[in-house]
Every structure is written in structure tokens, then in C-alpha cells.
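[1] take this sequence and fold it.
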Amino acid sequence: MRLYSLSVLYKGDPKVHLLKAAYDVSTFNFFQRSSVQEFMTFTSQLIAERSALGSRASVKEQEYLCHVYVRNDGLAGVVIADNEYPQRVCFTLLDKVLDEFSRQVSKMDWPSGSPATISYSALDGYLSKYQVWIP
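    Below is the predicted model of the structure:
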């Protein structure tokens, strides 16, 4: 049971853009890591774009399970995990991350923000803390 990606995105008009993300691609071959990370970024944006405001969903993509939560204010979170990782834990993590992110990062920065301009460093810590789930 593993988490591979944790992303915070903003669903504005006309499209979704990435605000901050953390990845764990250490289990992949060195030469595959950048393309796996690109796939996860692209998939996170696509799933958030296709999800309605105020919705939660779990989507199977290849051998991964992608959990998305889009809040009514447009802030969205996506967790990419393997198939065995518990869905409930993923949505608990997304709730916690989006609440904390919205308290620490001004809502004014969301529409124009990017991973380079948003200062929120907790994603890596959450990804490693929740990395291997032991019930």
C-alpha cells in the first residue's frame, strides 16, 4: 500500500492549474521517474478538471487509484495511490491538506499561483507520513 502523489490544484476558469505537489517515485526505475511524475501531474489536472465543485471521486487510471476532492471554493486535492490503499484514509488526508493549505495560502494567490510561487512546504511531510498505511 503506497502513495505516489499528493497535489493541490485550483479549478478556475477556464482550466485547472497546479499550485503545489509532492511525489514519491523512488520505487520506479531511475529512467522512468520523470515520465511517471509527468503522468501523475497530467492525470491530477485532468481528473480535477472533470470533477464538479463540491465533489469527491475515486478514479482508476492504469494500475493506480486517483482520489480527488474539489471544494466549492475551487481548491482541489488529488492523491494517487496503489489499489490497496484505503479510500477513507485518502479523503481524510485530502481534507486535512486542503484545510491547512487554505489557512496558510491567501485565496488571492490561488488563481495565479504555481509550484514556484506558492510557499507551502507541508506536502512532502504528509506524503511521507501517510506513505505506507498499516491498519
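[2] mind listing what residue 43 touches?
    Residues near residue 43 by CB atoms under 8 Å, 6 or more residues apart in numbering: 61, 64, 66, 78, 80. Placement of C-beta: from N, CA and C, glycine included.
[3] likewise residue 74?
    Residue 74 touches 10-12, 53, 110, counting by CB under 8 Å, 6+ apart.
[4] among the residues you listed, name the buried ones.
    10-11, 110 (16 or more other CB atoms under 10 Å).
[5] of these, closest to residue 33?
    The shortest approach to residue 33 among the buried ones among the contacts of residue 74 belongs to residue 10, at 25.9 Å (CB to CB).
[6] gap between the nearest residue to that closest one once chain neighbours are set aside and residue 76?
    Of all residues not flanking residue 10 in the chain, residue 110 sits nearest, at 4.4 Å (CB to CB, 6 or more residues apart in numbering). The gap separating residue 110 from residue 76 is 10 Å, by CB to CB, to the nearest Å.
[7] what sits in contact with each of these two?
    Joint contacts of residue 110 and residue 76 (CB under 8 Å, 6+ apart) are residue 10.
[8] for this structure, what spans make up the strands?
    For the chain, the strands defined by DSSP state E cover 3-11, 16-23, 55-61, 64-70, 75-82.
[9] tabulate these (CSV), appending mean pLDDT.
    Below are the strands of the chain laid out as CSV (pLDDT from 0 to 100):
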stretch, mean pLDDT
strand 3-11, 95
strand 16-23, 95
strand 55-61, 93
strand 64-70, 95
strand 75-82, 96
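[10] got a ChimeraX select line for the buried ones in the contacts of residue 43?
    Buried residues among the contacts of residue 43 (16+ other CB under 10 Å), as a ChimeraX selection:
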select :64,66,78,80
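[11] can I get the contacts of residue 43 in a markdown table with distance to residue 31?
    Listed next are the contacts of residue 43 as a markdown table, based on distance: CB to CB, whole Å:
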| residue | distance to residue 31 |
| --- | --- |
| 61 | 22 |
| 64 | 19 |
| 66 | 24 |
| 78 | 25 |
| 80 | 20 |
